[in-house]
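> what follows is a predicted structure for the sequence shown.
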Amino acid sequence: MSHVTPRAGDVLLLVGTMKGAFILRADAQRRDWDVGGPYFPGSAVYAMAYDGRAGRQRIWAGPNSMHWGGTLRSSDDYGQTWTNPEEANVKFPAATGVALKQIWQIMPGRDGEPDTLYCGVEPAAIFVSRDAGATWRLNDGLWNHPQRPRWEPGGGGLCLHTILLDPVDANRVRVAISTGGMYVTEDGGVSWRPSNHGVRADFLPEKYPEFGQCVHKVVQSKRRPDRMFLQNHWGLYRSDDRGESWSDIANGVPSDFGFGLAIHPNDPESAWIVPLESDQFRCTPEGKLRVYRTRDAGARWEPLSNGLPQDGAYETVLRDGVAVDSLDRTGVYFGTRSGKIFGSSNEGESWAELLDGLPPVISVKTAAV
């Protein structure tokens with residue numbers, strides 16, 4: 001098995017697939033990529049993350065066993081060795097009568113809380129660790145929410161797949177649940193309330209319900225926290241009030257259905273999506289692989305296709321399949337269910353195929369070493 005050896009200034013791509021995880025490394029030019037893996041061969045890896053706080057160089061992964069469910073594992077040497085807990089380290093209390101099915105999101109806490117980590121899981125719940133991942137606790141406030149019994153599973157299950165830590169207010173956290181909708185806490189997780197005003201649920205009798213929307217992905221600007229973008233199960237939205245209300249911005253895109261979504265690390269006006277044709281045909285419209293970018297907060301979208309296949313490219317990009325790095329210029333990356341990784345080192349102006357022949361890609365995350 002091959003491994004990568006990163007150096008200061010390098011970029012990492014953490015790639016989760018249906019049959020294992022891979023780590024890609026490049027220098028700041030992002031032209032040539034080394035590949036490490038596969039790690040956890042045969043296991044689906046929906047969640048990966050890099051934790052560089054407190055002097056760590058730690059990679060987290062949540063491989064899923066068909067027999068034992070999801071476990072949380074970590075590496076401090078870029079994949080050469082991994083922790084291997086004897087039993088599930090993220091698990092529901094026995095009193096709940098529930099077993100963990102899948103880890104969907106791993107989120108390191110803010111810089112000011114270097115030992116805090118969050119996990120979003122299936123069935124939909126959020127777990128928190130205050131000791132750098134040694135122990136985990138179910139957040140009772142969300143688990144005991146009176147609306148939880150009425151959440152319904154989406155196509156991928158009843159999963160909490162997005163965790164957004166407000167970059168200013170340490171007590172505010174927003175989560176997205178398929179198909180519970182979005183919930184926000186403003187008291188550090190003691191209580192939660194739905195926050196879906198303006199987001200449609202075309203599959204429900206009430207098109208704008210208080211909760212129950214099938215949210216596919218939400219992103220938030222760190223520079224301007226009130227700016228957020230949302231890709232829904234039918235619907236593309238922007239919020240200018242930290243997610244309290246949402247406006248439709250599906251202007252000039254071939255479809256407002258899709259999963260993958262990323263926001264520029266410094267420019268709150270810029271974001272990228274990969275539209276899919278429809279709920280019934282979850283492939284790129286017209287067989288053209290195009291990434292759409294906005295530079296004016298969704299007033300207009302432009303297709304970016306230089307270097308991407310435009311003939312018979314019926315690709316699918318999933319909810320965590322799009323990511324950006326923090327370099328100048330910003331790099332944009334995405335993976336497909338056909339096992340390809342594409343990357344751009346110039347914000348999508350041109351693209352290169354970084355890797356082909358992987359198992360179906362379900363997650364792409366970036367990190368700067």
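Noted; the coordinates are in hand.
> tell me the contacts of residue 21?
Neighbour list for residue 21: 14-15, 37-40, 45, 48, 61, 63 [criterion: CB atoms under 8 Å, 6 or more residues apart in numbering]. In short, each C-beta sits where N, CA and C put it, glycine included.
> quick one, which of those are buried?
14-15, 37-40, 45, 48, 61, 63 (16 or more other CB atoms under 10 Å).
> inside strands: which ones of the residues you listed?
Of the buried ones among the contacts of residue 21, the ones assigned to strands by DSSP state E are 14-15, 37-39, 45, 48, 61, 63.
> count the residues that sit near residue 209.
Residues lying near residue 209 (other CB atoms under 10 Å) number 15.
> residues touching the closest residue to it other than its chain neighbours, list them.
Once flanking residues are discounted, residue 209 sits nearest to residue 201: 5.6 Å by CB to CB, 6 or more residues apart in numbering. When contacts are counted by CB under 8 Å, 6+ apart, residue 201 touches 179, 181, 207-209, 212-214.
> the same query, at a cut-off of 6 Å, please.
209, 212-213 (CB atoms under 6 Å, 6 or more residues apart in numbering).
> so what pLDDT did it get?
Model confidence at residue 201, given as pLDDT, is 93.
> same question, residue 65
Looking at residue 65, the pLDDT reads 76.
> nearest residue to it in space, ignoring adjacent ones along the chain?
Closest to residue 65 by CB to CB, 6+ apart is residue 43, at 6.0 Å.
> and for residue 100?
Residue 100 sits nearest to residue 69 (CB to CB, 6+ apart), 5.0 Å away.
> what's the burial count for that neighbour?
Neighbours of residue 69 (other CB under 10 Å): 17.
> show me where this structure has helices.
140-143 (DSSP state H).
> residue with max distance from the center of it?
residue 95 (29.9 Å; CA atoms, centre = their mean).
> mind checking how far it is from residue 177?
Remark: distance between residue 95 and residue 177 (CB to CB, to the nearest Å) = 22 Å.
> same question, residue 208
17 Å.
> quick one: which of these two has more around it?
Each of residue 208 and residue 177 has its neighbours counted (other CB under 10 Å); residue 177 has more, 31 against 12.
> quick check: closest non-adjacent residue to that one.
residue 124 is the one closest to residue 177 (CB to CB, 6+ apart), at 4.6 Å.
> give me the number of residues near that neighbour?
By the measure other CB under 10 Å, the count of residues near residue 124 is 24.
> residues near residue 264, how many?
Residue 264 is flanked by 22 other residues according to other CB under 10 Å.
> again with residue 205
Residue 205, neighbours per other CB under 10 Å, totals 6.
> OK, contacts around the residue nearest to residue 177?
158, 160, 177, 180.
> using TSV, lay out those together with pLDDT and distance to residue 102.
Output for the contacts of residue 124, formatted as TSV (pLDDT from 0 to 100; distance: CB to CB, whole Å):
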residue	pLDDT	distance to residue 102
158	96	10
160	98	10
177	97	13
180	95	16
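> nearest to residue 231 among the contacts of residue 201?
Proximity of the contacts of residue 201 to residue 231 (CB to CB) peaks at residue 213, which lies at 11.5 Å.
> the closest residue to the closest one other than its chain neighbours and residue 196, how far apart?
Closest residue to residue 213 apart from its sequence neighbours, by CB to CB, 6+ apart: residue 181 at 4.1 Å. With distances taken as CB to CB, residue 181 is found 4 Å from residue 196.
> between those two, which one's more packed in?
Ranked by neighbour count (other CB under 10 Å), residue 181 and residue 196 place residue 196 first, with 26 against 23.
> so what's the more buried one up against?
Per CB under 6 Å, 6+ apart, neighbours of residue 196: 181-182, 213.
> go ahead and confirm residue 194 touches residue 208.
No. Between residue 194 and residue 208 there is no contact under CB atoms under 6 Å: 11.9 Å.
> ok, the nearest residue to residue 126 once chain neighbours are set aside - contacts?
Spatially, and ignoring its direct neighbours in sequence, residue 126 is nearest to residue 139 (4.7 Å; CB to CB, 6+ apart). Residues in contact with residue 139 (CB under 6 Å, 6+ apart) are 126, 128, 189.
> give me that answer again for 8 Å
Counting by CB under 8 Å, 6+ apart, residue 139 has contacts 125-128, 189.
> residue 133: neighbour count?
22.
> how near is it to residue 159?
Distance from residue 133 to residue 159, counting by CB to CB: 20 Å.
> what does residue 328 give?
Distance of residue 328 to residue 159, computed by CB to CB: 34 Å.
> which one's more surrounded, the two?
Neighbour comparison, residue 328 and residue 159: the larger count goes to residue 159, with 26 against 9 (by other CB under 10 Å).
> export stretch 2-18 as CSV, just CAs?
Below are the C-alpha coordinates for stretch 2-18, written out as CSV (Å, rounded to 0.1, in the frame of the first residue of the first chain):
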residue,chain,number,x,y,z
SER,A,2,1.3,3.5,-0.9
HIS,A,3,1.3,6.4,1.5
VAL,A,4,1.8,10.2,1.1
THR,A,5,4.5,12.2,2.8
PRO,A,6,3.2,15.8,3.1
ARG,A,7,5.4,18.8,3.7
ALA,A,8,4.6,22.3,5.0
GLY,A,9,2.5,24.2,2.5
ASP,A,10,1.1,21.1,0.8
VAL,A,11,-2.6,20.4,0.0
LEU,A,12,-4.4,17.2,1.0
LEU,A,13,-7.5,15.7,-0.5
LEU,A,14,-9.3,13.3,1.8
VAL,A,15,-11.4,11.1,-0.5
GLY,A,16,-14.0,8.7,0.9
THR,A,17,-15.4,6.0,-1.4
MET,A,18,-17.8,3.1,-1.2
